Every structure is written in C-alpha cells, then in structure tokens.
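[1] any chance you could fold what I've pasted below:
(2 chains)
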There are 2 protein chains.
Amino acid sequence: MENVLKEITPKSVDYSQWYVDVITKADLVDYAPVKGFMVIKPYGYRIWEFIQDAMNVRFRATGHENAYFPLLIPENLLIREAEHVQGFSPEVAWVTEGGGERLPERLAIRPTSETIVGAMYSKWIHSYRDLPVLMNQWSNVVRWEKATRPFLRTTEFLWQEGHTVHRTQAEAEAETSQQLEIYRDVIEGELAIPVVVGQKSAGERFAGALNTLTLEALMGDGRALQIATSHFLGQNFAQAFNIQFLDDDGALKYGWTTSWGTSTRMIGGLIMVHGDDKGLRLPPKVAPIQVVVVPIARGNDATAVLSYARKILGSLQSAGLRVQLDSRDEYTPGYKYNDWEMRGVPLRIEVGPRDLKSQAVVLARRDTGEKQTVNRDGLDLTVLKVLESIQNTLFDQAKAYLQDHWQRIDNLAQAEEYGYRGFFDGDWCGAEACAQDLQSQTGMTIRCLPLDGQAVGGDCVVCSQPGSARIVFGRAY
Amino acid sequence: MENVLKEITPKSVDYSQWYVDVITKADLVDYAPVKGFMVIKPYGYRIWEFIQDAMNVRFRATGHENAYFPLLIPENLLIREAEHVQGFSPEVAWVTEGGGERLPERLAIRPTSETIVGAMYSKWIHSYRDLPVLMNQWSNVVRWEKATRPFLRTTEFLWQEGHTVHRTQAEAEAETSQQLEIYRDVIEGELAIPVVVGQKSAGERFAGALNTLTLEALMGDGRALQIATSHFLGQNFAQAFNIQFLDDDGALKYGWTTSWGTSTRMIGGLIMVHGDDKGLRLPPKVAPIQVVVVPIARGNDATAVLSYARKILGSLQSAGLRVQLDSRDEYTPGYKYNDWEMRGVPLRIEVGPRDLKSQAVVLARRDTGEKQTVNRDGLDLTVLKVLESIQNTLFDQAKAYLQDHWQRIDNLAQAEEYGYRGFFDGDWCGAEACAQDLQSQTGMTIRCLPLDGQAVGGDCVVCSQPGSARIVFGRAY
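    Predicted coordinates:
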C-alpha cells in the first residue's frame, strides 16, 4: 500500500469514475488481462461468501439442494428451445478446439443452464413421486458483453441459478414467488438494499419464460439495477427437453419448471446504494471486517495502549465479531481512519491513553460519522447493538433515498424534468410499441409491473391511451 | 426411484463396474451429454461442500483468503513459462469465438491458474511489505482427457488451487509443507483416508515446479491415487511473470511462489477406499445423512411407532446431527435397509413396537454391520459416540488395508507376484531411465519418495545399481 491516501473522485463530479475508484482502491476487484473479465480480490470475494451463506441457509430451509452441472453445453442442446436460443446465442463464447483437435460440434460456455439441466432432468424424472425437483447451482457463466463494468456487467460472472420441476402450474408459480421472496429477504435484510418487487413486461422477460418476477433497486445516480429475477417457465423447457412424468392418474404429463438467479452484480448494487465520497459503506452483516481497532499513542504510552487495544480485539473476537487491529507503525491514526472508512468498515474503535486510564473506548460509526465514548465493561454487547443500528440505518437511508427518487408521473415530459433519474411510476396501455417508444425517446425502460397491489389509475404515459397496467420505469444499468 | 433394489456388481467380479454402479446408483453423479464431463448430483455435491468447509477453516486459520480469477486465459500468458505450457497445452480447451465473432487471440479455459494469477500478482506486489500473498480459489478447471472416469479423471472438475508469494525460499518451502499437512489433516481426519506423504520424483513433478509434495492413497483394488499435491515453484513463475518486490535492503528481488490443489477426485478416493459390495460407506464427518431412522410397524402399531420415530428424529436434529426419517409407505423395511446401506449412511436407527414399549431403539452400524439395542435416554450422546467410533473404525480399516498391501521389495519380480497391486517400497538409483523402465515394464510409476525419514538400504529395484533414494511405487489411477 502506498503511503499516500488514495483519492476518490466525488460522486457529484463523475459517478462512473467514483465507482471505479471505490471498487479498485478498496481492493474489491481488479481488471483481468482479457477485456470484460474481472478478478475478484479477497475483500470483495468475502462479501460474496457471506451472500452465499445467507442464500444457502434459505435455499436449504425450503428444500433446495446444491448440485453442479457442466460448464460446456453442446450446440444441439442450446438451440432446442427456440426463444431461449434467440435470446442467448448472440452472447455465447464457443469452444471449438480441445486436446489439440478441432471438435466435431461447437460447445457453448454456459450463459445459463436451463438447457443442460433440462437434458438431465428429462433423464432423472419418471414419476410424480420424483417431483418436485429443487436444485441450485453456484457457478460461473459467460456472456460476451460489449460494454462491461466490474460486478455490474462482466463477460464472466459468478452466480447461483436455481432450477426446479413441479407437478402442477400452481406449484411452479408458487416456487417462482417464494424464491423471489427469499431474494428480497437477503437483499433487504443482509445487503440493506430496498427493492421494488414486480413482474417484467413481456418484452423484458427471460428468453423462454412465461413470467419473470424481478427485484429492482435504485442506485446512487438515480439509475435502476435489476438485482434478482425468478422465472416461471411454464412447460416450454419441459417440452423442449422432454421432461415428462407419469402422474397418479396414469397419464404422462410435462413438468412445470422454474429458474431463478442472482449474481455478483449484487455487490455492484451494494457499493452504489451505500457508498459515499469517502468510499464504501458496508452493512455489518456482509462486512468482511465489522470493526477495526485503532490504537492512538506515541512514545511512552504506546506499549500500554497497544496492549489495551489487543485486549479489546480479543474480547470482541470472542463475541464472534469480525474485528481487526490496525497496529501498523508506518501510518498516522488519521491516515488509518481514512483508509478504513474508504474500505467501508462499519465501526471504528479508537483507543488512546485517556481511554486506557478511564477503561473506555471511542466508537466512530461509518454510517453517520457519529462518535461516542463508551465503557469497556459490556463492550461486546454495546458493539453488537451499534452494529445492528448501523445495519438498520443504512437500510433506512437507502429506503428514504428510494422514496425521494420515485415519482408518480402522468407523461414523459415530467420525467424529463428529473433528468430521467430515479424511478418513475405511471400507467401503460400495455402495447409493446409504447415500451419501445419509451426506450427510444428517453433511454428509460419498463423495470417492472409492481406487485404491491396499488391500482391503475390514469392514461399511458407514452401514448395517452387508457392505461391497463401500472409500471415502474427508469434508466437502467 | 424404481421399486426394485438396485444391484451392485461385486468388487471381486469387476472393480470398475462396481465403482460405476456405486456412484450412479447412490446418486452421487451422472454422465453429462458431453463425453468426459460429469453432473455432480446433490448427494455427491454435499460431500464436496463438507470438504470445502473443512479446507476453508484451515486455510483461513493459516492466513489464506479466497479470491476469484478469470476462467479464460489468453494464449500469450499461458505460454510464458516454458515447462508449464509444455505440460498443459496438449490438454487445453480453446475458446475461439465470442459474441458472434472470431476472437483475435485464442483463450484457454484454465487448466490451472498459475499464469493468470502470476500476471495479477506482478501488478499487485511492489514491496516486501506486500508479502506474503496467500490466496486460494475454488473453481472449475478443464483438461481435455482421453480416458475419463467420474470424480477420478474428468475433463472438467471442481477444485481449489492455492497460490502464494513469499519473500524467501525458506518461507515458500515452509508454505508448501504446511499446505500438504493441511491436506493430510483433512483427508485423514475427515475423509478417513490414510495417505503416504512424499515428494514426487523429477519426472512426476508439476509442470514448472522445483519440488512437488504429494499425498498418495491406496484404493480398494490396489491401485494408487494421487489425492493432493503442493508445489514449490521456486522463482520460475516469478521470473516468467515479473513478480518482483523491493526488499528492505533496497534491492529488487523476485518472489518465491507456491501452488497447491485438491479436487473432486477426493470423492472418488472416498468411494474406493471405504465402499463395499453393499455400496458406499461414508465417514460421518462428510456424510450428507449421518443417521437414518426407519420405523418398522404395520397395522395398528404404525401410527404410534411413526410418532415415536419422529420424536427420535427431532431430538437428534436438535443435537445438530444430520438425520433423516424414512417414512415411505411403498417400501418394506428390508428394502430401506439395503437402500440406505447402498447410500453409505453411517448409522441406521430401527424403531418398532417393542422399542416403543421399552423406550429403546436399535442401532445398526454401516461400518461393521453390528446391531445393538440402546436406551432412548441420552440417545443423542450415544449416537455421537457411535458416529465417532464409526469415523475411527473406517480409518483404522483403511489403514490396516494400506499396511497389508504395502510390500518392501528388492526387485520387480517380487511385485509381479502381487500382480502389481498395492504399494511397493524399494530403492531407486535416481536415474530417469529406470523410472521409465519401471513404467514400460510393469505399468507402475514412482508415486513418491516418502518423507517418513526411513533410510535407503539396498539396490535399485529396476537396474540393481546402488540405490540413492527410497521410493513408493505402484499402478496409479
């Protein structure tokens, strides 16, 4: 690390550059030798591991099991579902040579695994007793993208993809909703990112799905991020891959399938929702380091203060917290404060000679910047409570931002007044032509038809014909 | 599941077929549409997750952090270390098309990541203060193999690969040994597979390494399995990728690097070391289901017995055990016994009307086949103790097998008497020509030069010239 504090471009000056500064200087990620690929560094990868843990607990509790399907999909499988191949084939990376020979058939690096999973499910499922099949996979996927940005859109990314088969349409639809709710629970509860829950319009659906449910989050620059999706695939893939089962009425029937996914893109959302001009702000539940202890002492006091800081470290570690002591000699306390703030550590504990004398410590919160002196007695409980408060405050701040930047409008001129920043809420006639006009005229897209049950009222924001659905729209990543 | 017990070919009739029967019928794995690729089913993948957990705990405790490097490596990077490219390029799968266009440079799917990691480390490491760098990656890799077998050798496999950089040769060598010891601890302690600890002969080293340490296990058919390796890479990769640091003496120096890996191959070893003619036998520590409860009752007793079985299930789950109740109506108890034995569940608990009356249960061990009736009082502690005993017994049985099939010999004719099955221990003159003669004459290879400190005594088992090193050799997977 260089001995000069790394500068971060202010958000207001250049939001994109701010993002790049934060992700690289906070050691989350780096650019790989191949354009569009990223290296996830340990500090960023640890966040991913916490997300994985949170998802896995909920997947298991709802009866899902992890499995692993192959990276490479033969072309003849990929093209079997007509809409699916149309959607994905432009983005596919193809393996054409292996073991020194040209392959007889091109193999796609999975852009998603419905096709290879479908081929296996067709082999495994015979009877209604085999259903439901509830599997999830953690893996890498590749989609050849033109414009990339670390975490948000990269050629290779890490994700989880769930694939399920059900006996009835109703069960499959319930699964689609249940998994979206699990995503909402993790994204709001662990990542502290408030979301809009909705379904995609027909034009924005997953290629091959009958219905796509989505969670949409609002980034700090007023742009939308699709952060999780859950797809009801009907019998499309079951028919394309011949996933049939003998029902208890003796009839052979096609299964009803779903798929659902979240990716390292969530980390991009985490950065953009909570970050500020000092750098990252990480919610305690997913922070690799929840607390940093910084001893402040020179000369004669140094040894005693350091030993006091070590005791604080030990007691917080025993309480199960992720704590680090910054005892580096070569940096000033001020440098360290800035450094850990840039890295988004939720809570800093400062200990100096005065604190040692009074058996106290100073707590400095990353979310609000507040400082308070607290007793060393019961410090672990105090810290747990403060971390919980930081988790909640980050969510509340993000929720307030979302509400402040979510306007109900009647026509597109009103959205222009906001510079097309933020979420807009209005009515839509339901015509795909209007969805396309929306995009070509304003750069905005329909993010979702929200599922909060609020009614449709007025006319289509694009064509002014009577509305048939309420939409939330905006410019998206 | 079909209503007929799945037959497993006896080991003595056809060991290869026994292996295939066990892995497919116990639902560990299936064959994928592309030859050489496998699908890891939930029951097999869960074992992998337990192995990952056991490794991660030990990696973190020794200061290693997980990260993620890209799947695709540009050809110009892959070829930079001369020995390395020679070793791996025949096995590479190449991506030549992406996003509908022919790529300007072929991209290798990583066969291992020393090259891409080296390129990044060169960018990140500047000063001695940046060292050591201790990273690990969990990922998939692809090596185009001609003869494949699920878990043991597949074109794609899952693994972890550690990559570290150190200031001095001594530190890098200590790291190489430390990571091998972590592997030994997991493989012996969790998988209950005894290993021979050694170093590879020059001809068997990792491509580009100065020294390769290895753990060699003995399978149930007397063939050896290389189950973990740890490589001291000297400064070869540091020079090829310009990993240099400014030392505190002001001199610019090359780092000393290591790499080390284990893979889903360990699951293949697990099956072959412990399995018997009834199927899998899983050590409790990595068993997805540690205990299965089977209620035995018909007619009037059925409801009361099932409710008793449910209570047993609940109390064992509360004790943190992985328990399953088999309440399926359509199968007889006998069918269920065979089914769970085939799946390797370490302990079966049978409960019938008599057990209900006496508030007892019957425990049936998968390792020894022993049955005993025990009190329901304190059952969780009893079960924990029995599981511990099963874990130890499986290790002891495997250890006894290893010792029984490990012969000290003076010449190759003696190995022929054993049909070249098992480990052989003898002396070697050190000439690569003799290593090659060994392989061409007998199909055996030098597995390792054991590190147990036992001395060299006699003459080379191949050429009868004076020995210079003790070797363990045998036919390998």
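[2] the helix or strand hosting A:Phe157 near chain B anywhere?
    In the assignment (DSSP states H and E), A:Phe157 maps to strand A:156-166. Yes - judged by C-beta under 8 Å from any C-beta of the partner chain, strand A:156-166 and chain B are in contact via A:Glu156, A:Leu158. Just so you know, the C-beta spots here come from the backbone N, C-alpha and C atoms, and that holds for glycine as well.
[3] check the residue in the stretch 251-400 of chain A positioned nearest to chain B and give its pLDDT.
    For the stretch 251-400 of chain A, the residue closest to chain B is A:Glu330, as judged by C-beta to the nearest C-beta, at 8.2 Å. According to the prediction, A:Glu330 has pLDDT 88.
[4] run a quick neighbour tally on it.
    Per other C-beta atoms under 10 Å in any protein chain shown, the neighbour tally for A:Glu330 reads 8.
[5] cool, and A:Ala309?
    A:Ala309, neighbours per other C-beta under 10 Å, totals 25.
[6] equivalent analysis for the one 5 residues further on, please.
    Counted with other C-beta under 10 Å, residues neighbouring A:Gly314 total 12.
[7] and the top helix by length along chain A, what does it pack against?
    When chain A is parsed with DSSP state H, its longest helix is helix A:379-404. Helix A:379-404 sits against strand A:211-218, helix A:265-274, helix A:302-318, strand A:347-351, strand A:360-365, with contacts defined as 3 or more C-beta pairs under 8 Å, 6 or more residues apart in numbering or on different chains; DSSP states H and E.
[8] state the mean pLDDT of the strand holding A:Phe157.
    The average pLDDT within strand A:156-166 is 98.
[9] just checking: what are the partner strands of that strand?
    strand A:133-142 (antiparallel), strand A:256-263 (antiparallel) (DSSP bridges).
[10] could you export it as CSV, CA atoms only?
    Coordinates of each C-alpha in strand A:156-166 appear next as CSV, following Å, rounded to 0.1, in the frame of the first residue of the first chain:
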residue,chain,number,x,y,z
GLU,A,156,-17.8,-13.9,-16.9
PHE,A,157,-19.6,-13.6,-13.6
LEU,A,158,-20.3,-15.7,-10.6
TRP,A,159,-23.9,-16.5,-9.7
GLN,A,160,-26.4,-19.0,-8.4
GLU,A,161,-29.1,-20.5,-10.6
GLY,A,162,-32.0,-22.5,-9.3
HIS,A,163,-33.8,-25.0,-11.5
THR,A,164,-36.9,-26.7,-10.4
VAL,A,165,-39.6,-29.0,-11.8
HIS,A,166,-43.1,-29.3,-10.4
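[11] next secondary structure after that strand?
    helix A:169-189.
[12] just the angle between that next one and strand A:156-166, please?
    Orientation note: helix A:169-189 sits at an angle of 140 degrees relative to strand A:156-166 (axes from the mean of the first three to the mean of the last three C-alpha atoms, to 10 degrees).
[13] helices or strands up against the helix or strand following helix A:169-189?
    Remark: after helix A:169-189, the chain's next helix or strand is strand A:196-199, criterion DSSP H and E. Secondary-structure packing of strand A:196-199 (3+ C-beta pairs under 8 Å, 6+ apart): strand A:211-218, strand A:445-450.
[14] tell me how far the shortest one lies from the chain's centre.
    What that stands for is strand A:445-450. Taking the mean of its C-alpha atoms, strand A:445-450 sits 18 Å from the chain's own mean (C-alpha atoms, centre = their mean, to the nearest Å).
[15] also the longest one?
    Remark: strand A:211-218 is offset 12 Å from the chain centroid, using C-alpha atoms, centre = their mean.
[16] mind listing what's buried in the helix or strand bottoming out on mean pLDDT in chain A?
    When each helix and strand of chain A is scored by mean pLDDT, DSSP states H and E, helix A:82-88 comes last, with a mean of 85. The neighbour-count check on helix A:82-88 (16 or more other C-beta atoms under 10 Å in any protein chain shown) flags A:His84, A:Val85, A:Gly87, A:Phe88 as buried.
[17] how about stretch A:202-218?
    A:204-218.
[18] gap between the two ends of that stretch?
    Length of stretch A:202-218, first residue to last, C-alpha to C-alpha, to the nearest Å: 22 Å.
[19] also stretch A:252-267?
    For stretch A:252-267, the end-to-end distance is 44 Å (C-alpha to C-alpha).
[20] and the helices and strands packed on helix A:379-404 as TSV, adding mean pLDDT and distance to A:His231?
    Shown next, in TSV, are the helices and strands packed on helix A:379-404 (pLDDT from 0 to 100; distance: least, C-beta to C-beta, whole Å):
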stretch	mean pLDDT	distance to A:His231
strand A:211-218	98	5
helix A:265-274	98	16
helix A:302-318	96	43
strand A:347-351	98	39
strand A:360-365	98	40
